[in-house]
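**Q** Here is a sequence together with a model predicted from it:
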Amino acid sequence: MDGIAELWRARLEAVAELDARRDEIVAECLRDARELRAGDREGADVLLELAQLLGRREQAGHGQLIRALAQADRVRAARGGVKAWAATHLDVSDGRARSIAECARRIGAIPQLAEPLASGRIGADTVRVLSRTAKAVAGTGVDTVAALTATLVTAEAEGVTAAAKQIRALEHTLDPDAGKDVIARQRARSFYRVVELEDGLCRFEVLLDAVRATTLRAAVDAQTADWIRQTQYDHASVLPEDVRSTEQINAHALTRLAEVFHTAPPEVREARFTPPMLYSTSAAHPGGLAESVYGAPVPVEAIPDPEVHVLELDGHGHPARLDGTPVDTDPHARLASPAQRVALAFRDRHCTHPGCTRPATFALHAHHIIRYSRGGPTTVRNMTLMCSEHHVLAHQHTDETHN
């Protein structure tokens, strides 16, 4: 065995020398590429050939990594397993390391895949689909090699997306019951979050199950397609001048869906308690600025039509009017009006109990500071937002104080 190890080390040194020479040649090519002029088609074609060569080499390297780790896993070469080794020795995330280890365990040692994995024709996505195929047919009596061959043929002929769709159909065929809770599992992973960037920009990150994703994507696609058709065939000006690319049109369509929600009647929105409020204006905002409900300054002239809900503040910064109508219209009412709830949501932003940050989206209660039963008016100045838990505590404290 010592002789084999010695031979391997010599081979590895030879590979390292070849890689170093290869890197030198590539670096020379890339230095020369900086001298290319726009319109030099011959040079551009050669540059793309270089990119293809590098891409194929990277894909071949990934396939060979899977094969090497399969053997390492077989002989238990890595303490803690190849997943731990990959996470430690490769520049990959923990999830990526897990994927590499699973691919190595499931398909890395299958002889019929040796040539495709090392060829550079298939990339990491196809490797994962092949691994998923092997997982799907394990223990079912289906011939593993035949299933892998079918997946590989589809991936190379129609692309990895078609191969993944074929595997989903195979999984459902082999185990129909397993597919019944797939949407529930996807929903368990779903999320929506907003990342606030500089200058008021926001990036929205959403992960949805296949059903809800279809609902959202189909609505955006329908609106986008309509606008593009009107622009191309009717020569209509239906989009702002600064909305040109498909990505920008999609973003505009998503915003349009929200505008439709805002202007819909409450029974359609099914959000009955609080009408959506978007902006506030007051004399305190210089230069014709409004403030979004999330704190971003926006030029008043940039606020779009159809009408959005605008909250006006008085000279002391207190909410006074919503869409031109006074917020406090009936101080003798028992409960806060929808307009007052909008005002409270803007002013307080979250539960006002010390230390509590539950946001207005948690259906916070409008709590009377001076209790209504003791003559406290139902006005914005006499109310504050509280979550249900702290609203109960506030009333208990008031009762104890007056006993």
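**A** Happy to help now that I have it.

**Q** Residue ranges of each domain in this structure, please.
**A** 1-30, 43-177, 191-263, 279-401 (automatic domain parsing).

**Q** Regarding the third one, how distant is the last residue from the first?
**A** Just to be clear, that refers to domain 191-263. End-to-end distance for domain 191-263, by CA to CA, to the nearest Å: 26 Å.

**Q** Now find how far off-centre that domain is within its chain.
**A** A distance of 15 Å separates the centroid of the chain from that of domain 191-263, by CA atoms, centre = their mean, to the nearest Å.

**Q** Roughly how far does V137 sit from V392?
**A** V137 sits 57 Å away from V392, taking CB to CB, to the nearest Å as the criterion. Yep, even glycine has a C-beta here, placed from its N, CA and C like the rest.

**Q** Quick check on those two: which one has the bigger neighbour count.
**A** Between V137 and V392, V137 has the larger neighbour count (other CB atoms under 10 Å), namely 20 against 12.

**Q** which residues touch the more buried one?
**A** Going by CB atoms under 8 Å, 6 or more residues apart in numbering, V137 touches 143-144, 147, 170, 174.

**Q** cutoff 6 Å now
**A** Applying CB atoms under 6 Å, 6 or more residues apart in numbering, we find V137 in contact with 144, 147.

**Q** Now do R67 against K83, distance only.
**A** Remark: distance between R67 and K83 (CB to CB) = 16 Å.

**Q** which residue packs closest to R67, ignoring adjacent ones?
**A** Leaving aside its chain neighbours, R67 sits nearest to G108 (5.0 Å; criterion: CB to CB, 6 or more residues apart in numbering).

**Q** quick one, phi/psi of the one you found?
**A** With angles defined as degrees, to the nearest 10, G108 sits at phi -60, psi -30.

**Q** Could you check how far it is from T140?
**A** Distance, G108 to T140, by CB to CB: 21 Å.

**Q** quick one: which of these two has more around it?
**A** Neighbour count, other CB under 10 Å: between G108 and T140, G108 has more, with 28 against 13.

**Q** how about the more buried one, what does it touch?
**A** The contact partners of G108, by CB under 6 Å, 6+ apart, come to 66-67, 70.

**Q** same question, A97
**A** With CB under 6 Å, 6+ apart, A97 has these contacts: 83, 86-87.

**Q** ok, those residues vs G376, which is closest?
**A** A87 (60.1 Å; CB to CB).

**Q** Next, count neighbours for the closest one.
**A** Using other CB under 10 Å: A87 sits among 20 other residues.

**Q** Skipping its backbone neighbours, what lies nearest it in space?
**A** A97 (3.8 Å).

**Q** same thing with R187?
**A** R187 sits nearest to D209 (CB to CB, 6+ apart), 4.8 Å away.

**Q** dump the residue contacts of that neighbour.
**A** D209 makes contact with 183, 186-187, 190, according to CB under 6 Å, 6+ apart.

**Q** Could you list which of the residues you listed belong to strands?
**A** Within the contacts of D209, no residue falls in strands by DSSP state E.

**Q** Just the buried ones from these, in PyMOL syntax?
**A** In PyMOL syntax, the buried subset of these is picked out as below (16 or more other CB atoms under 10 Å):
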select buried, resi 186
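
**Q** Just send the contacts of D209 back as TSV, with distance to R74 and pLDDT too.
**A** Shown next, in TSV, are the contacts of D209 (distance: CB to CB, whole Å; pLDDT from 0 to 100):
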residue	distance to R74	pLDDT
I183	37	76
Q186	34	85
R187	38	88
S190	38	94
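
**Q** now, which of the contacts of D209 sits nearest T133?
**A** Of all the contacts of D209, Q186 has the smallest distance to T133: 20.1 Å, by CB to CB.

**Q** now the residue nearest to the closest one when sequence neighbours are not counted: how far from V182?
**A** Spatially, and ignoring its direct neighbours in sequence, Q186 is nearest to D209 (3.5 Å; CB to CB, 6+ apart). As judged by CB to CB, D209 and V182 stand 8 Å apart.

**Q** likewise V137?
**A** 18 Å.

**Q** Equivalent analysis for C202, please.
**A** 31 Å.

**Q** Name the residue in these two with the higher neighbour count.
**A** Neighbour totals were compared for C202 and V182, and V182 leads with 14 against 10 (other CB under 10 Å).

**Q** Check that one and give its pLDDT.
**A** V182 carries a pLDDT value of 75.

**Q** so where do the helices sit in the stretch 101-250 of the chain?
**A** Per DSSP state H, counting those that start in this stretch, the stretch 101-250 of the chain carries helices over the ranges 114-119, 124-137, 144-158, 160-174, 182-189, 210-233, 246-263.

**Q** Could you single out the most deeply buried of those helices?
**A** Of the helices of the stretch 101-250 of the chain, the one with the most neighbours on average (mean count of other CB atoms under 10 Å) is helix 124-137, at a mean of 21.

**Q** Poorly predicted segments of the stretch 151-300 of the chain, please.
**A** 178-180, 271-278, 282-288 (pLDDT under 70).

**Q** Run the chain-centre distance for stretch 327-336.
**A** Distance of stretch 327-336 from the chain centroid (CA atoms, centre = their mean) equals 41 Å.

**Q** any idea of the mean pLDDT in that stretch?
**A** Averaging pLDDT along stretch 327-336 gives 92.

**Q** which stretches of the stretch 251-400 of the chain form strands?
**A** Assigned by DSSP state E, counting those that start in this stretch, the strands in the stretch 251-400 of the chain fall at 279-281, 289-292, 297-299, 310-313, 319-322, 325-326, 365-368, 383-386.
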